[in-house]
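Engineer: Could you work out the structure for the sequence below:
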Amino acid sequence: MSDIKTVIAPVNIAVIKYWGKRDEELIIPLNDSVSATLDTSVMCAKTSVSASPNFVEDEIWLNGKKESFSNQRLQNCLKEIKQRASVEKSVDNVFLSWKVHICSENNFPTAAGLASSAAGYACLVTALAKLYKVSSDVSSIARLGSGSACRSVYGGFVRWHAGVNPDGSDSVATQIAGSSHWPEMRALILVVGDSKKKISSTIGMKRTADTSELLEYRVQHCVPKRTEQISNAIKERNFAKFAEITMKDSNQFHAVCMDSYPPYVYLTNVSHTIIDLVHKYNEINGEAKIAYTFDAGPNACLYLVENDVPKVLYLIQHIFPSSSNNFVTGLSCNREPLSNEFIKSLSIPVQEKDSIKYVIYTKVGEGPTEIKDGSHLLTTDGTPVKTV
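Structural biologist: Numbers count the residues shown, from 1 in each chain. Take a look at the predicted model:
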């Protein structure tokens, strides 16, 4: 006898960055952040959870490999969900006493600056909430696994409030606008490197919070203003304003990494070429057509509207030639050639082949969704489904 729940959850890419914690254990951020939730049909985490009286111990499998259940963040999420279920009286104490099995996988590279932990923990917490029939907002519980996971609990455009309460009870995510609010919005994720990064986000942000004076100024003066401005730009669908704030905030986030002591760097030469290309493209067009943002890694997320995608994809494939037949994945799209004069006016030479490994073309999408077609990752006896 066991109950299995399976959920898919999205990646989110921040346009106002979260970097630095007010409380390390509770994962309460120093500042608000804003993100777009990306379509689960292109990139997602998938998690199955099961509880049974027959399970001897709590167990977890990640991307096909059994992992230790001793991870404190994982335990915190499970404990909080069970406590919430107890308060809500959504399941009985016998069910709460059963051990849990978890199986999770991502359909994109893990720990490479592609927001894998955000999708993973939002998925886990939502699946556990379904299993224990918890009906209240779980963004504050997802936050205990990975800060930015609380933003993946909702679709569309999302704001994570830093809050002021010491216990983090008001550090929750709320939706600015739903996924259908700005239907033309698209994202191109340019994967420069998909290997594990040298400095983890956790280590990096602690170093910055401890040593960067620029971070103090950012938290007090820049982010509060930008958060309001970008929320308004989203509500008004003002792409030019959205683009400007997004790029400025990305630049400042990487500046505080350099302002840390000792400094550390996530961007590579290829990342800087992408930045240069975007600014020159916007300048020649006389308006912002593309906005870049970089998380804690070298990969770029370019926000743009649907009409501009064919030209921009053509340009990316021209400047960053690839030996792959599957260079662009995700949504389908034609390329629209640009004139030689236009490309020449950019003054950016064609880069070394395969500088960009591949591009993921996606759009703004919904939050976590329960899968009810029986395609679980766990069998009824609580072991991972064998995939061929």
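Engineer: any low-confidence regions in this protein?
Structural biologist: Where the chain drops to pLDDT under 70, the residues are 1-2, 109-115, 194-196, 387-388.
Engineer: Regarding it, what is its longest helix?
Structural biologist: What stands out as the longest helix in the chain, according to DSSP state H, is helix 239-258.
Engineer: Packing partners of it?
Structural biologist: strand 12-16, helix 201-211, helix 213-217, helix 223-236, strand 291-294, strand 300-305 (3 or more C-beta pairs under 8 Å, 6 or more residues apart in numbering; DSSP states H and E). Every C-beta, even on glycine, is put in place using the N, C-alpha and C of the backbone.
Engineer: Given the first one, what are its sheet partners and their directions?
Structural biologist: Yep, that's strand 12-16 we're talking about. Under the criterion DSSP bridges, strand 12-16 sits next to strand 33-37 (antiparallel) in its sheet.
Engineer: Which residues does the strand it pairs with contact?
Structural biologist: 10-18, 148, 151-152, 154-160, 176, 179, 185, 187, 223, 227, 230-231, 234, 303, 364-367 (C-beta atoms under 8 Å, 6 or more residues apart in numbering).
Engineer: which ones are touching Asn165?
Structural biologist: Shown in contact with Asn165 (C-beta under 8 Å, 6+ apart): Ser171.
Engineer: and if we set it to 10 Å?
Structural biologist: Leu26, Ile28, Ser171 (C-beta atoms under 10 Å, 6 or more residues apart in numbering).
Engineer: related to what we said a few turns ago, which of the helices and strands packed on helix 239-258 has the highest mean neighbour count?
Structural biologist: Of the helices and strands packed on helix 239-258, the one with the most neighbours on average (mean count of other C-beta atoms under 10 Å) is strand 12-16, at a mean of 27.
Engineer: How far off centre is the helix or strand that comes right after that one?
Structural biologist: Reading on from strand 12-16 to the C-terminus, the next helix or strand found by DSSP states H and E is strand 21-23. How far strand 21-23 lies from its chain's middle: 20 Å, per C-alpha atoms, centre = their mean, to the nearest Å.
Engineer: for stretch 180-190, same thing?
Structural biologist: In terms of C-alpha atoms, centre = their mean, the centre of stretch 180-190 is set 14 Å apart from its chain centre.
Engineer: May I have that stretch as PDB, with CA atoms only?
Structural biologist: In PDB, the C-alpha atoms belonging to stretch 180-190 read as follows (Å, rounded to 0.1, in the frame of the first residue of the first chain):
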ATOM      1  CA  SER A 180      -0.600  34.800 -20.300                       C
ATOM      2  CA  HIS A 181      -0.200  38.500 -19.400                       C
ATOM      3  CA  TRP A 182       2.700  39.100 -21.800                       C
ATOM      4  CA  PRO A 183       2.200  36.500 -24.500                       C
ATOM      5  CA  GLU A 184       4.900  37.800 -26.800                       C
ATOM      6  CA  MET A 185       7.700  37.400 -24.200                       C
ATOM      7  CA  ARG A 186      10.300  34.800 -25.100                       C
ATOM      8  CA  ALA A 187      13.700  33.600 -23.800                       C
ATOM      9  CA  LEU A 188      16.800  32.300 -25.400                       C
ATOM     10  CA  ILE A 189      19.100  30.500 -23.100                       C
ATOM     11  CA  LEU A 190      22.600  30.400 -24.500                       C
END
